[in-house]
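**Student:** take a look and give me a structure for this.
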Amino acid sequence: MLDRPQGVRLYEGEFVHDLDHHEEIVAMHLVASTSDIVLMLGYNFTEPVKSQDRLVEHRAHNYRSLCKQAIVMNPLVQWILVDHPGEIMKDWNGIDNLVCDTLSNCLDVVNQLGI
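**Tutor:** The predicted structure follows:
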């Protein structure tokens, strides 16, 4: 019973892309399948600073591309970057279901809705 509690589903697979923080990509896909609104706190999608290290640059590019793909592939989900540190990178302009807001505004809406 402890090895596989009732109601817990296990998924197996391998992450084939070369990037850091692959668990965030998996989480974005999982939450998009069950949520109408996703609050994203701690993400930074400002214009990236180019790294001199090609591998670091490659991994960062893959991460940003897969994050963007998760958002674009789920157009019925509203993605909100909470307290984002600056303007979203230019490549991401025109993504209708991605906005920035402050934590205080998000909490005000939650309080107004009584959630």
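
**Student:** for residue 74, see how far away the most centrally placed residue in the chain is.
**Tutor:** Centroid check for the chain by C-alpha atoms, centre = their mean gives residue 28 as the closest residue, at 5.0 Å. Per C-beta to C-beta, to the nearest Å, residue 28 is found 8 Å from residue 74. The way it works is simple: take the backbone N, C-alpha and C, and place the C-beta from them, glycine included.

**Student:** residue 81 too?
**Tutor:** For residue 81, the distance to residue 74 - C-beta to C-beta - is 15 Å.

**Student:** ditto for residue 49
**Tutor:** 28 Å.

**Student:** so those two - more neighbours on which side?
**Tutor:** Taking other C-beta atoms under 10 Å, residue 49 and residue 74 do not tie; residue 74 has more neighbours (18 against 7).

**Student:** any idea of the pLDDT on that one?
**Tutor:** We have a pLDDT of 98 for residue 74.

**Student:** what's next to the longest helix seen in the chain, contact-wise?
**Tutor:** Identified as the longest helix of the chain according to DSSP state H is helix 54-72. If you take C-beta atoms under 8 Å, 6 or more residues apart in numbering as the criterion, helix 54-72 is touched by 17-21, 24-25, 28-29, 32, 43, 45, 48, 50-51, 77, 79, 89, 91-92, 95, 97-98.

**Student:** what mean pLDDT does the next helix or strand after that helix get?
**Tutor:** Following helix 54-72 in sequence order, the next helix or strand is strand 78-82 (DSSP states H and E). Across strand 78-82, the average pLDDT comes to 98.
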